[in-house]
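[1] 3D model of this:
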Amino acid sequence: MLDIKLLRDNPDLIRENIRKKFQDHKLPMVDEAIELDKRNRTIKTEVQALLAKRNAASKQIGMLMKQGKKDEAEAVKQEVANDGAQIEKLSEEEANVEAALTKIMMVLPNIIDASVPIGKSDAENVEVQRYGEPVVPDFEIPYHTEIMESFCGIDLDSARRVAGNGFYYLMGDIARLHSAILSYARDFMIERGFTYCIPPFMIRSSVVSGVMSFAEMESMMYKIEGEDLFLIGTSEHSMIGKFIDQIIPEEQLPITLTSYSPCFRKEKGAHGIEERGVYRIHQFEKQEMIVICKPEESMAWFDKLWQNTVDLFRSMDIPVRTLECCSGDLADLKVKSVDVEAWSPRQQKYFEVGSCSTLGDAQARRLKIRVNGADKSKYYAHTLNNTVVAPPRMLIAFLENHLQADGSVTIPEVLRPYCKLEKLVPNKK
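    Here you go, the predicted structure:
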């Protein structure tokens with residue numbers, strides 16, 4: 001959510017930002033918000049004046065009663081009653097105006113960083129750098145579920161009967177590999193100074209509205225019927241929510257956390273849930289990283305976060321690239337975002353395996369996460385998040401890049417202590 005002072009002082013910047021994000025339908029909202037803000041401040045001034053008048057009148061009534069001027073006192077009492085009715089009327093209008101203003105401010109997009117490329121959709125995202133040499137082997141690479149099935153490692157038919165499309169059973173060595181990758185990612189981040197955390201997997205609506213836009217919430221979140229609870233779509237939601245309504249001493253910054261959780265997503269409006277694959281699914285597990293820091297440190301942390309993901313994938317010999325998200329591909333709360341994409345030898349192209357974002361003070365402003373500065377001033381923290389690893393999608397890249405001509409899959413040395421295997425051998429049944 002934008003600072004209301006920015007709306008007052010520089011509305012043209014907000015309009016320019018809306019145009020950069022190709023959301024011109026929101027341009028009239030700027031003028032609406034300006035008028036609502038003006039009316040809100042006018043109401044507050046009028047109410048304060050009436051309250052001051054009422055306080056003075058109360059003293060006047062006491063003096064008149066002491067002087068025996070009962071009729072004059074009654075006249076002042078009537079005036080106070082009239083002012084009270086006006087205060088009540090104005091207060092009701094104030095509540096309505098503030099609600100309308102907040103509704104608009106919640107949907108105006110955050111100011112994007114000057115370095116963000118301008119474009120309408122993800123088709124205009126910009127490749128930044130490649131890490132590792134993409135390889136296309138001289139043998140055919142099967143579809144990823146076929147590779148898993150060769151190890152008796154996945155059962156989509158049973159999952160479909162139990163829960164529908166978008167769910168899966170992982171079995172045997174594939175399930176072991178899945179867990180090993182998550183455990184390795186956890187320890188990888190701990191070694192880089194992050195504190196490990198397992199958060200709540202459900203959050204209240206006050207946290208949902210604080211961490212994401214309404215459009216994201218509608219397309220992603222599962223609501224628990226009859227309760228003020230939502231299943232998390234990523235642990236970022238509950239990890240940032242951990243600090244709701246908190247004032248953090250500045251000396252405790254930066255706060256660096258890495259969290260494990262299952263994730264649940266509707267995938268509404270996406271490209272559809274595949275019957276055969278595990279690329280886009282309703283349920284998966286993920287290791288996440290989040291940072292809460294001073295505003296002046298957020299861009300440096302942004303670069304550290306996406307680099308962590310690159311380093312993790314490269315340690316498992318998986319080629320990756322970074323992709324700068326263009327303005328039209330950024331969610332409304334984001335200031336800047338980089339996707340990490342892994343190489344798919346079968347498709348001979350890269351596909352997304354992680355996303356790193358800095359949100360400025362947007363989440364902190366919504367959730368009232370403030371910092372108590374060294375000079376005792378209070379300011380909003382900056383928040384960042386990034387995917388460490390998210391199997392089973394990551395398994396697609398892993399299996400394709402380590403598949404051998406005989407159908408076996410080699411296990412990189414860094415993972416062997418976690419899964420106790422040097423390679424996966426196809427089931428011969």
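[2] By mean pLDDT, point me to the weakest helix or strand of this structure.
    helix 214-220 (a mean of 78; mean pLDDT, DSSP states H and E).
[3] can you tell me which residues contact Asp31?
    By CB atoms under 8 Å, 6 or more residues apart in numbering, the contact list for Asp31 is empty. Every C-beta, even on glycine, is put in place using the N, C-alpha and C of the backbone.
[4] continuing past the helix or strand harbouring it, what's the next helix or strand?
    For Asp31, the host element (DSSP states H and E) is helix 27-66. Counting by DSSP H and E, the next helix or strand C-terminal to helix 27-66 is helix 70-105.
[5] Tell me what angle that next one forms with helix 27-66.
    160 degrees (axes from the mean of the first three to the mean of the last three CA atoms, to 10 degrees).
[6] in helix 70-105, what counts as buried?
    For helix 70-105, burial by neighbour count (16 or more other CB atoms under 10 Å) applies to 73, 76-77, 80, 83, 87, 90, 94, 97-98, 100-101, 104-105.
[7] With stretch 252-270 instead?
    Buried positions in stretch 252-270, judged by neighbour count with 16+ other CB under 10 Å: 253-261, 263-266.
[8] that older thread, now, which of the buried residues of helix 70-105 sits nearest Phe188?
    Using CB to CB, Met105 comes nearest to Phe188 of those, at 38.7 Å.
[9] re earlier: which helices and strands does the next helix or strand after the least confident helix or strand of the chain pack with?
    Using DSSP H and E, the helix or strand that directly follows helix 214-220 along the chain is strand 222-223. Here strand 222-223 touches strand 230-231, going by 3 or more CB pairs under 8 Å, 6 or more residues apart in numbering; DSSP states H and E.
[10] ok, residues contacting the strand it packs on?
    Under CB under 8 Å, 6+ apart, the answer for strand 230-231 is Phe201, Met202, Ile203, Arg204, Ser205, Val208, Met221, Tyr222, Lys223, Ile224, Phe264.
[11] Distance check, Leu170 against Leu156.
    Leu170 sits at a distance of 10 Å from Leu156 (criterion: CB to CB, to the nearest Å).
[12] Check the burial of the residue nearest to Val320 when sequence neighbours are not counted by counting its neighbours.
    Of all residues not flanking Val320 in the chain, Phe313 sits nearest, at 4.7 Å (CB to CB, 6 or more residues apart in numbering). By other CB atoms under 10 Å, the residues close to Phe313 number 26.
[13] Tell me the pLDDT of Phe313.
    At Phe313, the model reports a pLDDT of 98.
[14] coming back round to it: most neighbours of all the contacts of strand 230-231, which one?
    That'd be Ile203 among the contacts of strand 230-231, by other CB under 10 Å, with 24 neighbours.
[15] so where do the strands sit in the stretch 301-429 of the chain?
    With DSSP state E, counting those that start in this stretch, the ranges of strands along the stretch 301-429 of the chain come out as 320-324, 336-344, 349-358, 370-372, 378-380, 382-389, 409-410, 423-424.
[16] relative to strand 320-324, how tilted is the second one?
    Compare the direction of strand 336-344 with that of strand 320-324 by the same axes, to 10 degrees and you get 150 degrees.
[17] Just give the strands next to strand 336-344 in its sheet, each with its orientation.
    Under the criterion DSSP bridges, strand 336-344 sits next to strand 320-324 (antiparallel), strand 349-358 (antiparallel) in its sheet.
[18] CSV for those, including mean pLDDT and distance to Pro117?
    As requested, the strands paired with strand 336-344 are exported to CSV (pLDDT from 0 to 100; distance: least, CB to CB, whole Å):
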stretch, mean pLDDT, distance to Pro117
strand 320-324, 98, 6
strand 349-358, 95, 15
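[19] nearest to Leu384, of the ones you listed?
    Of all the strands paired with strand 336-344, strand 349-358 comes closest under CB to CB, at 4.7 Å.
[20] Show me what counts as buried in the closest one.
    Within strand 349-358, judged by 16+ other CB under 10 Å, the buried ones are Tyr350, Glu352, Val353, Gly354, Ser355, Cys356, Ser357, Thr358.
[21] Show me where the stretch 251-400 of the chain dips below the pLDDT cut-off.
    268-275 (pLDDT under 70).
[22] all helices for it, in order.
    Applying DSSP state H, counting those that start in this stretch to the stretch 251-400 of the chain gives helices spanning 298-315, 362-367, 393-402.
[23] now for those, which one comes closest to Leu177?
    helix 393-402 (6.9 Å).
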